[in-house]
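1. pasting the structure only:
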């Protein structure tokens, strides 16, 4: 068999606001594997900046003059870029031509917005960022909530945390290897994917460890705080709900600490003593009524949802991101349950309507998320 000596030619689409890691990891890995990587934008004289401010690059060419079948693969990174790409009919047509002619198309995060625009998802198994799940389903896709979905010549992934698996799948589909780098089977979700993420320009070991410590700090703090709410509540339904939330937070701490141990690390000092800090703060709180306790609890959970979401999107370690993702889902559900109980108790008060005007949840004093 005669081997093709020509390097693989891969197009990576670019637009303003692209998610930095979703461009950088495939770009760097493909370069290391010896591929010819061509950056395609809508204008060649424009500097494209990443959403996180880490990327600043000019396109090599545009989708207007490029021919899809000249490439072995086309990659659509996410972020804010796909929403701009989908308004460029030349870009949409370029991707459609690639898909129809058997060229490998790989799309991550919000990337499927381009596929939606070109009616390319009807009857296709695919995944993407959770926020566009319904859009993908309305476009006819069978949405699959997994790190990697391959349907014929289409590869899709959900978020930055899936990138090491996503990029490995692209390399394997193109029969590419990187010298001195072992690519695990894409089915092995327990492989040390964070190492490949770091090698290709994603989050480093220290960033993953810092993120885990930040999450532990937040959950230990709120664990002590919700114990205070449980102890001071007089409403049986509130106490039952707080008890369930305490169980969830205990589970989160255990999962986070177990993941931290994989890196041969123990919780940092701030994470280890955050419950003591919360205990001192709780001592000086003057919640007088069940409604006030619910308002404060709601603020704590809302802060937790946002912090966990931000931490999740900072990392390219699939295992850590999966823990944070499930945490976010649980926190959001608990937030809604607290909100429902709060509105129910507020509406059932004997106070006048003017006295019962809902107030914004009290800001949480939970430790803030900082960059890893």
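-> Okay, I see it. It should be emphasised that the depicted structure is a prediction, and the values quoted were computed from it without experimental measurement.
2. need the next SSE after the one helix or strand residue 214 maps to, C-terminal direction.
-> Using DSSP states H and E, residue 214 sits in helix 205-232. Using DSSP H and E, the helix or strand that follows helix 205-232 in sequence is helix 236-262.
3. pLDDT of that next one, averaged?
-> The average pLDDT for helix 236-262 rounds to 96.
4. Buried ones in it, by neighbour count?
-> Neighbour counts over helix 236-262 (16 or more other Cβ atoms under 10 Å) mark 238, 241-242, 245-246, 248-249, 252-253, 255-257, 259-260 as buried. Quick note: C-beta positions are derived from backbone N, CA and C, even for glycine.
5. could you give the angle of it to helix 205-232?
-> 160 degrees (axes from the mean of the first three to the mean of the last three Cα atoms, to 10 degrees).
6. Point out the other elements, helices or strands, that helix 236-262 touches.
-> For helix 236-262, the packing partners by 3 or more Cβ pairs under 8 Å, 6 or more residues apart in numbering; DSSP states H and E come out as helix 205-232, helix 290-314, helix 318-347.
7. elements contacting the second one?
-> In terms of contacts (3+ Cβ pairs under 8 Å, 6+ apart), helix 290-314 is packed against helix 205-232, helix 236-262, helix 318-347.
8. correct me, but residue 159 touches residue 129?
-> Yes - the criterion here is Cβ atoms under 8 Å, and residue 159 meets it with residue 129 at 6.0 Å.
9. hey, what's in contact with both of these two?
-> residue 109 (Cβ atoms under 8 Å, 6 or more residues apart in numbering).
10. These two: which is more packed in?
-> residue 159 (26 against 23; other Cβ atoms under 10 Å).
11. Could you tell me the model confidence score at the more buried one?
-> So, for residue 159, pLDDT stands at 97.
12. Who are the contact partners of it?
-> 108, 109, 129, 312, 313, 321, 325.
13. Repeat that for residue 132.
-> Counting by Cβ under 8 Å, 6+ apart, residue 132 has contacts 110, 112, 113, 116.
14. Just confirm residue 160 contacts residue 315, I think it does.
-> Yes - with contact defined as Cβ under 8 Å, residue 160 reaches residue 315; the gap is 6.9 Å.
15. Can you tell me the SS state at the closest residue in space to residue 31 that isn't next to it in sequence?
-> Leaving aside its chain neighbours, residue 31 sits nearest to residue 37 (5.8 Å; criterion: Cβ to Cβ, 6 or more residues apart in numbering). Secondary structure state of residue 37, per DSSP: H, G, I helix; E, B strand; the rest coil, is strand.
16. What is the neighbour count of residue 37?
-> 20.
17. how close does it sit to residue 241?
-> Separation of residue 37 from residue 241 (Cβ to Cβ, to the nearest Å) stands at 52 Å.
18. same check, this time on residue 13
-> Residue 13 is 46 Å from residue 241, by Cβ to Cβ.
19. Low-confidence bits of the stretch 201-350 of the chain, can you list those?
-> 271-287, 348-350 (pLDDT under 70).
20. still on that earlier bit, what would the buried residues of helix 236-262 look like in a markdown table with distance to residue 270?
-> Listed next are the buried residues of helix 236-262 as a markdown table, based on distance: Cβ to Cβ, whole Å:
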| residue | distance to residue 270 |
| --- | --- |
| 238 | 30 |
| 241 | 29 |
| 242 | 25 |
| 245 | 23 |
| 246 | 21 |
| 248 | 22 |
| 249 | 17 |
| 252 | 17 |
| 253 | 14 |
| 255 | 19 |
| 256 | 14 |
| 257 | 14 |
| 259 | 18 |
| 260 | 13 |
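21. which of the residues you listed lies closest to residue 194?
-> residue 259 (10.3 Å; Cβ to Cβ).
22. got the contact list for the closest one?
-> Residues in contact with residue 259 (Cβ under 8 Å, 6+ apart) are 212, 319, 320, 323.
23. repeat that with 10 Å
-> When contacts are counted by Cβ atoms under 10 Å, 6 or more residues apart in numbering, residue 259 touches 208, 209, 212, 215, 216, 265, 317, 319, 320, 322, 323, 324.
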